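Trainee: Provided below are the primary sequence and the corresponding predicted coordinates.
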Amino acid sequence: MREHGGCTPGAAGRPQRVLLVGSSGGHLAQLLALKPWWESRDRTWVTFATEDAKSRLRDERVVWAHFPTTRNLPNLIRNFFLAISVLRRQRPDAVVSTGAGVAVPFFLLARVLRIRTVYLEVYDRLDTRTLTGRLCRPLSSLFCVQWEEQARLYKGSHVVGTLL
């Protein structure tokens, strides 16, 4: 999501309100590494209420998502309804995510509402696609990867380099 490197929605359509959606831990760390991009924007975070996330986002506007999300249908449904509420209330110009499962309902609904979506594939999967990457790829306005090897896995993706 660097301003150069082709992984931003564009200067003319530069989003001012962004929704940053990601699981806690490494996914959150990668979103936090984008600080030069998001720090001047009106932003809301969606993540899990773990001690790590609470600490790192203590001065930010945060909506706590339901977890676990891995193969958990009840929480997928809860997060879908959360996405409806958050997207209606926040009205973001773009939804940005590094995964994992919490991204799917937000990307699906954002696509329906014609809100731009930017997905950044995680840095540690070089030879196979992640489940969330596979699900979010067709829902993404812009799909970014951190390694050339990943670009071969996701047709039409943009290589932005590593964040961590």
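Mentor: Yes, it's here.
Trainee: backbone dihedrals for the spatially closest residue to residue 67 that is not a sequence neighbour, both of them.
Mentor: Spatial nearest neighbour of residue 67, excluding adjacent residues (C-beta to C-beta, 6 or more residues apart in numbering): residue 48 at 4.3 Å. Every C-beta, even on glycine, is put in place using the N, C-alpha and C of the backbone. Dihedral pair for residue 48: phi -90, psi 150, per degrees, to the nearest 10.
Trainee: quickly note the distance from residue 48 to residue 25.
Mentor: Per C-beta to C-beta, to the nearest Å, residue 48 is found 9 Å from residue 25.
Trainee: now residue 108
Mentor: According to C-beta to C-beta, residue 108 and residue 25 sit 23 Å apart.
Trainee: residue ranges of the strands in the protein, please?
Mentor: Per DSSP state E, the chain carries strands over the ranges 17-22, 42-48, 62-65, 94-99, 116-120, 142-145, 158-159.
Trainee: highest mean neighbour count out of the ones you listed?
Mentor: Neighbour counts (mean count of other C-beta atoms under 10 Å) averaged over each of these peak at strand 94-99, with a mean of 28.
Trainee: so what's the residue nearest to residue 67 up against?
Mentor: Applying C-beta atoms under 8 Å, 6 or more residues apart in numbering, we find residue 48 in contact with 23-24, 64-65, 67, 102.
Trainee: in JSON lines: those residues, plus distance to residue 142 and pLDDT.
Mentor: Shown next, in JSON lines, are those (distance: C-beta to C-beta, whole Å; pLDDT from 0 to 100):
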{"residue": "23", "distance to residue 142": "20", "pLDDT": "95"}
{"residue": "24", "distance to residue 142": "24", "pLDDT": "95"}
{"residue": "64", "distance to residue 142": "26", "pLDDT": "98"}
{"residue": "65", "distance to residue 142": "22", "pLDDT": "97"}
{"residue": "67", "distance to residue 142": "26", "pLDDT": "94"}
{"residue": "102", "distance to residue 142": "19", "pLDDT": "96"}
